[in-house]
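Asks: The following comprises the amino acid sequence and a computationally predicted model.
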Amino acid sequence: MQIYYLGPEGTFSHQAAETCAASWRAEQLTACPTIVDAITRMFDDKTGNSLACVPIENSIDGSVTQTWDTVMRSIAVERVEENLVPARILSAFNFPIHQYLHYLEHTDFSAVETVYSHPKALAQCQVNLGKRFPKAQLVSVNSTAEAARMVANANDKRCVAIASQQAGERFGLLRHPEPMEDQAGNVTRFAMIGRQEMPGIQSFAVVSERVVSLCLRGVGHQPGGLVGTLAPIAEAGFNLTRVESRPVGNQFGIYVFYLDVTITANDERAERAFNQVVEELRQRQVDVVLLGAYPVYDASGV
Ligand SMILES: O=C(O)C(=O)C[C@]1(C(=O)O)C=C[C@@H](O)C=C1
């Protein structure tokens, strides 16, 4: 079993992948240049021996839309392939995130011109960065560890990076002791995506026994179209914990809707009721793409 993740080593994705690799005895961790690449490489492996460990949501900045869109499109495309075990979100993990400022020795903070990081990390620190470096450019790069690597390699004291403590140490940078995120309690949820059912992880506390993630395509454009589509979920007594709309890409005013629904695990009645809801949605001509039905763990303190 191998796990693809957003590299280089030292990203939060790498730390999340390492934490899960121990429980799932994954022998190989492979760094990828982008989140899309990590997902695509997992989907390209039809043998079922690959996993992708990717961020799906951050408590400050919201969904990682790139992940959701890539996973949804890959699953939708694969549905036509017969005899293929479908890829799904198998588990999710909430990881506490501390973003630190990393810099070269003798850096004068008042002369800093560029702050590098992953766009999600910059978004998590935007207020603090604005206060500390009001004139600096915030430059998005592929990952937080990539930002640390760039500052280390550039040997330019006008640049700093926002990244994990581990990334800064890996690339030999100094670290400002205070975390830079704008809100305490910053958490990112990572998903493990793959084709093989994986065992539960005993060392983590369970946040939700079963979250079902769906994408609804083709919700009708009439008054009450969305309300009517969501009503069967409420009527069946399921808790809807996330609704997000995303553009389809080639038309204004047409959206797909991502939903998370919490259901009771190992409860046949709940499973049957949920399948009925999906059937009802399909009868309304809504295309339901199942992204996964999975436990969510709390990976803090690991
Ligand atoms: O750049 C990294 O370190 C990543 O793993 C990506 C990522 C993200 O996409 O949200 C992961 C966790 C943090 O929220 C910031 C960045």
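Replies: Cool, got the structure.
Asks: which ones are touching Ile201?
Replies: 20, 23-24, 91, 297 (CB atoms under 8 Å, 6 or more residues apart in numbering). In this view, the C-beta of every residue, glycine as well, is placed from N, C-alpha and C.
Asks: Tabulate those residues (TSV), appending pLDDT, secondary structure and distance to Cys53.
Replies: TSV is the format used below for those (pLDDT from 0 to 100; DSSP: H, G, I helix; E, B strand; the rest coil; distance: CB to CB, whole Å):
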residue	pLDDT	secondary structure	distance to Cys53
Cys20	88	helix	6
Ser23	83	helix	12
Trp24	84	helix	10
Ser91	96	strand	10
Tyr297	96	strand	13
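Asks: farthest-separated two in those residues?
Replies: In terms of CB to CB, those reach their longest pairwise distance at Trp24 and Tyr297, which sit 12.3 Å apart.
Asks: So for those two, which sits in the more crowded spot?
Replies: Tyr297 (25 against 17; other CB atoms under 10 Å).
Asks: ok, the contacts of Ile201 vs the ligand, which is closest?
Replies: Cys20 (13.6 Å; CB to the nearest ligand atom).
Asks: how much space between that closest one and Ala121?
Replies: Noted for Cys20: a distance of 21 Å to Ala121, by CB to CB, to the nearest Å.
Asks: the more surrounded of those two?
Replies: Of the pair Cys20 and Ala121, Ala121 is the one with more neighbours under other CB under 10 Å, namely 30 against 25.
Asks: you'd agree the more buried one is up against Ala167?
Replies: No. When contacts are counted by CB atoms under 8 Å, Ala121 is not listed as touching Ala167 (10.2 Å).
Asks: what sits in contact with each of these two?
Replies: Contacts common to Ala121 and Ala167, judged by CB under 8 Å, 6+ apart, are 144, 147.
Asks: In CSV, list the C-alpha atoms belonging to the helix or strand where Ala92 lies.
Replies: Assigned by DSSP states H and E, Ala92 belongs to strand 88-96. Provided in CSV are the C-alpha atoms of strand 88-96 (Å, rounded to 0.1, in the frame of the first residue of the first chain):
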residue,chain,number,x,y,z
ARG,A,88,-14.1,6.7,-2.3
ILE,A,89,-13.3,8.8,0.8
LEU,A,90,-12.5,6.0,3.3
SER,A,91,-11.8,8.0,6.4
ALA,A,92,-11.2,11.6,7.5
PHE,A,93,-9.0,13.1,10.2
ASN,A,94,-9.1,16.4,11.9
PHE,A,95,-5.5,17.7,12.4
PRO,A,96,-4.7,20.8,14.5
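Asks: What residues sit buried inside it?
Replies: Buried positions in strand 88-96, judged by neighbour count with 16 or more other CB atoms under 10 Å: 88-95.
Asks: quick one: strands adjacent to that strand?
Replies: strand 187-194 (antiparallel), strand 287-298 (parallel) (DSSP bridges).
Asks: contacting residues around Arg284?
Replies: 220, 228-229.
Asks: Can you select the buried ones among those for me in PyMOL?
Replies: Selecting only the buried entries of these in PyMOL, with 16+ other CB under 10 Å as the criterion:
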select buried, resi 229
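Asks: Around the ligand, pick out the residues from the protein.
Replies: Proximity of the chain to the ligand is confined to 6, 11-13, 55, 58, 64, 97, 118, 120-121, 143-145, 188 under the rule CB under 6 Å from any ligand atom.
Asks: Can you flag which of these belong to strands?
Replies: Members of the residues of the chain next to the ligand lying in strands (criterion: DSSP state E): 6, 55, 58, 188.
Asks: Ala16 contacts Phe204, correct?
Replies: No. Taking contacts as CB under 8 Å, Ala16 lies outside contact range of Phe204: 11.6 Å.
Asks: more neighbours, these two?
Replies: Shown here are Ala16 and Phe204; by other CB under 10 Å, Ala16 has more neighbours (26 against 21).
Asks: residues touching the closest residue to that one other than its chain neighbours, list them.
Replies: Counting by CB to CB, 6 or more residues apart in numbering, Ala16 lies nearest to Phe190, which is 4.2 Å off, once chain neighbours are set aside. Residues in contact with Phe190 (CB under 8 Å, 6+ apart) are 12-13, 16, 53-56, 92-93, 95.
Asks: what's the spacing between the strand holding Ala92 and its chain's center?
Replies: 8 Å (CA atoms, centre = their mean, to the nearest Å).
Asks: Likewise for stretch 86-94?
Replies: 10 Å.
Asks: which helices and strands does the helix ranked longest in the chain pack with?
Replies: As assigned by DSSP state H, the longest helix anywhere in the chain is helix 268-283. Judged by 3 or more CB pairs under 8 Å, 6 or more residues apart in numbering; DSSP states H and E, the packing partners of helix 268-283 are strand 205-217, helix 225-235, strand 287-298.
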